[in-house]
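A.B. asks: Next come a sequence and a model predicted from it.
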Amino acid sequence: MNKTFNLLFFVKKSKIKANGTAPIYLRITIDGIPKEISSKRNVSPAKWDSKLQKVIGNTEEVKTINAYLKTLEQEVYEAHHLMMKDKKIATSSALKSKLFGIEERARMIIPIFQDHNDKIKSLVGQEYAPGTLERYETSLKHTKEFLQWKYSVSDFDITEIDHAFITDYEYFLRSVRKCANNTAVKYIKNFKKIIRICIANGWLEKDPFANYKSKVREVERDFLSQDEVQAIYTKKFATDRLNLVSDIFVFSCFTGLAYIDVKNLTQSNISLGIDGKRWIFTHRQKTESPSRIPLLQIPEEIIQKYASNPQCLNEERLLPVLSNQKMNSYLKEIAGVCGINKELTFHIARHTFATTITLTNGVPIESVSKMLGHKSLRTTQHYAKILDKKVSDDMQLLREKFQVPATPQVQESTS
């Protein structure tokens with residue numbers, strides 16, 4: 001249901017003709033969105049009464065123009081009434097099309113969503129990671145399921161998507177799909193991108209997300225302590241595969257690189273840094289932002305250990321990284337062998353670098369952010385939770401600074 005519907009006749013003085021007349025336009029405004037149509041009539045601006053929205057005078061020509069404008073106004077009201085009666089969402093654009101007898105081609109959400117996903121698919125490996133495509137394909141799947149669940153349809157006209165549609169979709173994700181808060185918010189965010197495409201193309205005049213708000217809740221991210229990192233690094237496992245996985249995981253703990261960025265490393269990513277020592281120079285696949293990391297002793301030893309590995313030589317890789325699925329599966333075994341009671345995944349290495357390896361040891365958050373390849377400190381703060389030990393050390397320094405020297409006691413004389 002539309003909240004506001006207004007009509008206004010006016011003379012468009014910017015289009016004044018050589019004979020001194022200007023065209024009369026009708027502005028249709030629905031819910032604050034205007035659309036102008038020409039009345040095909042012209043008048044001298046001096047003879048136009050903007051308050052009464054009609055031509056001044058008593059000649060037959062003036063009466064004919066004013067009668068025509070009244071008829072046009074009535075046609076617009078009738079067209080609007082019919083759209084409301086048919087339970088169609090009347091936009092200023094749709095109303096204009098109805099007046100001129102133009103049937104607007106309905107644009108449906110599923111083909112638009114699918115076209116978006118097809119374009120991402122064609123650019124996987126260039127501009128997008130496979131995980132990005134997977135997320136949008138899952139979002140499309142959820143959208144189709146929602147349409148069946150809520151409306152019993154396989155597709156939906158984009159002009160009928162409103163605030164209620166969005167809130168119902170969110171409810172569906174949380175209740176039927178059992179999505180956690182942050183997961184539901186991310187799927188809604190993916191859907192919002194499709195709506196933005198519709199708005200950018202002029203297919204939607206009003207944003208259904210205008211009054212919608214959602215918030216990602218901060219999640220406590222696991223990371224390893226120094227003792228836990230040391231336990232994995234020094235442990236000699238019974239199988240080569242576990243030794244390999246532990247080495248690559250520890251390498252990430254000391255470089256902060258995500259799985260895909262470690263997998264993509266080659267010898268060309270290692271160069272001398274500003275200090276004359278070896279650094280990793282790379283770009284994060286997820287954000288394409290640069291990441292420059294000085295190599296510490298432990299990752300240097302791991303690189304040397306696999307320098308002559310056949311897989312590294314054949315594929316020109318720095319390290320023989322297994323698939324992400326296998327890495328995470330073997331990391332669970334490693335956690336069990338090392339007595340680590342945490343859900344060990346490869347991404348924990350990145351959090352460990354941000355906390356245990358760098359911030360806890362006094363590396364400023366600005367430097368950590370640069371090495372992680374983040375575009376803002378806010379992103380780094382999500383990863384890097386300063387440990388109680390760091391807080392304790394910092395406060396100890398402050399305590400010493402504010403410590404009042406003890407006043408020497410004067411010994412009383414016994415004489």
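C.D. replies: Ah, there it is. Residues are numbered from 1 along each chain as shown.
A.B. asks: how close does Asn42 get to Ser50?
C.D. replies: Note on Asn42: its distance to Ser50, by Cβ to Cβ, to the nearest Å, is 16 Å. To be clear about C-beta, it is placed using only N, CA and C from the backbone, and glycine gets the same treatment.
A.B. asks: So between these two, which is more surrounded?
C.D. replies: For Asn42 versus Ser50, neighbours defined as other Cβ atoms under 10 Å are more numerous around Asn42 (18 against 11).
A.B. asks: For beta bridges, what are the partners of that one?
C.D. replies: According to DSSP bridges, the residues that bridge with Asn42 are Pro23.
A.B. asks: swap in Leu272?
C.D. replies: According to DSSP bridges, beta-bridge pairing links Leu272 with Arg278.
A.B. asks: can you tell me the helix or strand for Leu244?
C.D. replies: Taking DSSP states H and E as the definition, Leu244 sits inside helix 240-253.
A.B. asks: Which positions within that helix qualify as buried?
C.D. replies: By 16 or more other Cβ atoms under 10 Å, the buried positions in helix 240-253 come out as 242, 244-253.
A.B. asks: cool, stretch 10-26 as well?
C.D. replies: For stretch 10-26, burial by neighbour count (16+ other Cβ under 10 Å) applies to 11, 21-26.
A.B. asks: List the contacts of that stretch.
C.D. replies: Where contact means Cβ atoms under 8 Å, 6 or more residues apart in numbering, the residues beyond stretch 10-26 that reach it are 7-9, 27, 36-45, 48, 50, 53, 65, 69, 72-73, 76.
A.B. asks: Over to stretch 293-310?
C.D. replies: Contact with stretch 293-310 is made by 233, 247-248, 250-251, 254-257, 270, 273, 275, 277-280, 312, 318-320, 371, as judged by Cβ under 8 Å, 6+ apart.
A.B. asks: what about 6 Å?
C.D. replies: When contacts are taken as Cβ atoms under 6 Å, 6 or more residues apart in numbering, the neighbours of stretch 293-310 outside the stretch itself are 247, 251, 254-255, 273, 278-280, 312, 319-320, 371.
A.B. asks: can you give me the end-to-end distance of it?
C.D. replies: As for stretch 293-310, its first-to-last residue distance stands at 26 Å under the measure Cα to Cα, to the nearest Å.
A.B. asks: rewinding a little: which of the contacts of stretch 10-26 count as buried?
C.D. replies: Buried positions within the contacts of stretch 10-26, assessed by neighbour count (16+ other Cβ under 10 Å), are 9, 37, 39, 41-43, 48, 53, 65, 69, 72, 76.
A.B. asks: List just the nearest of these to Gln396.
C.D. replies: The shortest gap between Gln396 and any of the buried ones among the contacts of stretch 10-26 belongs to Ile37, at 75.1 Å (Cβ to Cβ).
A.B. asks: Quick check: beta-bridge partners of that closest one?
C.D. replies: Ile37 has these beta-bridge partners by DSSP bridges: Leu26.
A.B. asks: re earlier: ok, the buried ones among the contacts of stretch 10-26 vs Asn324, which is closest?
C.D. replies: Using Cβ to Cβ, the shortest approach to Asn324 within these belongs to Ile37, at 57.0 Å.
A.B. asks: Please write out the alpha-carbon positions of stretch 324-332 in PDB.
C.D. replies: Written as PDB, here are the backbone C-alpha positions of stretch 324-332 (Å, rounded to 0.1, in the frame of the first residue of the first chain):
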ATOM      1  CA  ASN A 324      41.800 -27.200   3.000                       C
ATOM      2  CA  GLN A 325      39.400 -30.000   3.900                       C
ATOM      3  CA  LYS A 326      42.300 -32.500   4.500                       C
ATOM      4  CA  MET A 327      44.300 -29.900   6.400                       C
ATOM      5  CA  ASN A 328      41.400 -29.200   8.800                       C
ATOM      6  CA  SER A 329      40.700 -32.900   9.200                       C
ATOM      7  CA  TYR A 330      44.400 -33.700  10.100                       C
ATOM      8  CA  LEU A 331      44.600 -30.700  12.400                       C
ATOM      9  CA  LYS A 332      41.900 -32.300  14.600                       C
END
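A.B. asks: ok so Lys40 is a helix residue?
C.D. replies: No. Secondary structure assignment places Lys40 outside any helix; it is strand (DSSP: H, G, I helix; E, B strand; the rest coil).
A.B. asks: Just the pLDDT at the closest residue to Phe346 other than its chain neighbours, thanks.
C.D. replies: Leaving aside its sequence neighbours, Phe346 sits nearest to Tyr259 (Cβ to Cβ, 6 or more residues apart in numbering; 4.7 Å). In this model, Tyr259 is scored at 91, pLDDT.
A.B. asks: Surely Tyr259 and Asn324 touch.
C.D. replies: Yes. Tyr259 lies in contact with Asn324 (Cβ atoms under 6 Å); the separation is 5.2 Å.
A.B. asks: Neighbour count: these two, which is higher?
C.D. replies: Taking other Cβ under 10 Å, Tyr259 and Asn324 do not tie; Tyr259 has more neighbours (22 against 16).
A.B. asks: Look up how far Phe281 lies from the more buried one.
C.D. replies: In terms of Cβ to Cβ, Tyr259 sits 19 Å off from Phe281.
A.B. asks: Mind naming the longest helix for the chain?
C.D. replies: For the chain, the helix with the greatest residue count under DSSP state H is helix 60-85.
A.B. asks: show me where the stretch 151-300 of the chain has strands.
C.D. replies: Chain-ordered strands for the stretch 151-300 of the chain, with DSSP state E, counting those that start in this stretch as the definition, fall at 270-272, 278-283, 290-294.
A.B. asks: out of the buried residues of helix 240-253, which one sits closest to Ile357?
C.D. replies: Cys253 (6.3 Å).
A.B. asks: Tell me the confidence at that closest one?
C.D. replies: Confidence per residue is given as pLDDT, and for Cys253 that number is 95.
A.B. asks: Make sure it is actually in contact with Ala349.
C.D. replies: Yes. Assessed by Cβ under 6 Å, Cys253 is found in contact with Ala349 at 4.5 Å.
A.B. asks: ok so, going back, so which elements touch the longest helix of the chain?
C.D. replies: Packing contacts for helix 60-85, counted by 3 or more Cβ pairs under 6 Å, 6 or more residues apart in numbering; DSSP states H and E, involve strand 54-55, helix 92-99.
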